[in-house]
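K.L.:
structure of the sequence below:
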Amino acid sequence: MRAVWNGKVIAESDATIVVERNHYFPPDSIRREYFTESDNHSVCPWKGEASYYSLDVDGEVNRDAAWYYPKPSQAASEIKDHVAFWRGVQVEE
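P.N.:
Numbers count the residues shown, from 1 in each chain. Here you go, the predicted model:
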């Protein structure tokens, strides 16, 4: 699987984990040069508190376009620190 935004591959892995139709990419599969920590957080009733990254690709910024669970609930422990995408990021095979 690969995640693409603004014409660049920002993550690529053969070992994503699918939860609620979202592909969660292992932390070592993202291209960190495109990711910036965000101050935004949200809460999922069963996964826990999510943290966000904004993307910066060739000067274009996509705020809070990626999320991850640094301390997920036990029920979601398999996706700890794995990254999922939305806001126009294309996830494809």
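K.L.:
give me the buried positions along stretch 83-93.
P.N.:
Neighbour counts over stretch 83-93 (16 or more other C-beta atoms under 10 Å) mark 83-85, 89, 91 as buried. In short, each C-beta sits where N, CA and C put it, glycine included.
K.L.:
same check on stretch 67-75?
P.N.:
67-69, 72.
K.L.:
same question, stretch 38-51
P.N.:
47-48, 50-51.
K.L.:
out of those residues, which are inside helices?
P.N.:
Judged by DSSP state H, helices contain none of these.
K.L.:
nearest to residue 14 among those residues?
P.N.:
Top of the list for closeness to residue 14, among these and by C-beta to C-beta, is residue 47 at 23.2 Å.
K.L.:
now intersect the buried residues of stretch 83-93 with the strands, please.
P.N.:
Judged by DSSP state E, strands contain the following of the buried residues of stretch 83-93: 83-85, 91.
K.L.:
out of these, which is nearest to residue 31?
P.N.:
So of those, ranked by how close each gets to residue 31 (C-beta to C-beta), first place is residue 83, at 10.8 Å.
K.L.:
quick one: contacts for that closest one?
P.N.:
11, 24-25, 27, 30, 53, 66-68 (C-beta atoms under 8 Å, 6 or more residues apart in numbering).
K.L.:
in PyMOL, select just the buried ones from those residues.
P.N.:
The PyMOL selection below is limited to those of the contacts of residue 83 classed as buried (16+ other C-beta under 10 Å):
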select buried, resi 11+24+25+30+53+66+67+68
